[in-house]
Structures are given as structure tokens and as C-alpha cells.
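**Q** Need coordinates for the below:
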Amino acid sequence: MFTGVAGRFVWAVVVVMLGISASNSFAADAAKALTLSKALAQVNLFAHLTDAERDALKAAATLRLGSAGERIIKQGKALDRMFIILDGQAEVWINGKQIAALSGQPLVGEIEFLDGLPATADVLLPKATHLVELNYAALKSLMNKQPRLGYVLMREIAQIEGRRLRAMARK
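**A** All right, here's what the predicted structure looks like:
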């Protein structure tokens, strides 16, 4: 189709363009992984994990932007993931009544992770916010493979639940 010097030039341009495209895709993937790595490093729940353990969490975690008004948990529905609200707030509703506004990197969906029963409340995002989603099956598998990681996470979740119970008892 293309011959001579002009042909070689066209093929060289095509090869360079493909290389640029591939490197941009690689850079985007690397930036996404870096963003997840940064997010996991900022989460209080993971503060007592080693760097290697936090890195291993990437197999069970997804970073995404939740939309304003999004219901991330529906009362009575089975869950397959829990969420850490990185910034902003989450509202907890039971039977159509708001019972709490959570901030400060709240963990939600952890009760269902612990007992395997459907969600006890609706959880809504009043405004767009970054979330770390933790897939239950992937997290349980990781916790089984890395018992120290599992112990640290369960200890942290137990402390969160203990603080919540104490706060409810004071009301």
C-alpha cells in the first residue's frame, strides 16, 4: 500500500501513535492504582496495617466517586460490600427516618459484613463524595490468607462498633 520513503514514514507515524496510546493507557492505569494506594494510606481503619498489607487490600478495594443523593446501602437488601466515606458525610435512615449523619471516614455496611444478614438501614450520600468499596468475598479471602491483616481489621471494626454502641447508650 505505502512504498518507499513515504511509506516508511507513514508506518513510523502509526507505530509512534500506537506507542503513545499504549503509554497513555499504562499511565492512566498507574495513576488509578496510585490514587487507590493514596486513599488506602489515608484511611484511619487501615492505620495499623503495614504498607504491604495495605497494598494487598487493593485486591478487595475499589475507589469511586459516589453521586449526590446516591443510596449506597438499601435497608433490607443483602450486601456484598462495605464502604468507607473518604470525604463528606453519609446519612443513615431507618424506616424513612434519618437517625444519624456520619462524618470522619465512617465505615458503613460493616454490620452486614459481620453477621451476613440484610442491611439494617439505608445509607445515603447527601453530596458527591469519594468512597472506598470493600468487596466482602475478596476481603474475606484476603483475611484468610493474611491472618494478621484479618486480625487488625476485625479489631478496628470491633472498636468502631464499640464506640457506636456507647454513643447510642448515652442518648
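
**Q** Spatially central residue for this protein, please.
**A** residue 132 (1.8 Å; Cα atoms, centre = their mean).

**Q** okay but it is in contact with residue 41, surely?
**A** No. Using Cβ atoms under 8 Å, residue 132 is not in contact with residue 41; the gap is 11.1 Å. Using the backbone N, CA and C atoms, a C-beta is placed for each residue, glycine as well.

**Q** shaky segments in this protein?
**A** 1-34 (pLDDT under 70).

**Q** which residue ranges form the strands in it?
**A** 61-66, 71-73, 81-85, 89-94, 97-103, 107-108, 122-124, 129-135 (DSSP state E).

**Q** same for the fifth one, what does it pack against?
**A** Here strand 97-103 is seen to pack against strand 89-94 when contacts are counted using 3 or more Cβ pairs under 8 Å, 6 or more residues apart in numbering; DSSP states H and E.

**Q** gap between the strand it packs on and the chain center?
**A** Offset of strand 89-94 from its chain centre (Cα atoms, centre = their mean, to the nearest Å): 18 Å.

**Q** So in that sheet, which strands flank it, and in what orientation?
**A** strand 97-103 (antiparallel), strand 122-124 (antiparallel) (DSSP bridges).

**Q** out of those, nearest to residue 136?
**A** strand 122-124 (15.6 Å; Cβ to Cβ).

**Q** neighbouring contacts of the closest one?
**A** 69-75, 83, 90-94, 108-109 (Cβ atoms under 8 Å, 6 or more residues apart in numbering).

**Q** Tell me how many other residues crowd residue 48.
**A** 14 (other Cβ atoms under 10 Å).

**Q** The one 3 residues further on now?
**A** With neighbours defined by other Cβ under 10 Å, the count for residue 51 comes to 10.

**Q** any idea how far it is from residue 80?
**A** Computed as Cβ to Cβ, to the nearest Å, the residue 51 to residue 80 distance reads 27 Å.

**Q** again with residue 70
**A** If you go by Cβ to Cβ, the gap between residue 70 and residue 80 works out to 17 Å.

**Q** Please apply the same query to residue 159.
**A** Plainly put, residue 159 is 24 Å away from residue 80 if you go by Cβ to Cβ.

**Q** do residue 112 as well
**A** Going from residue 112 to residue 80 by Cβ to Cβ gives 9 Å.
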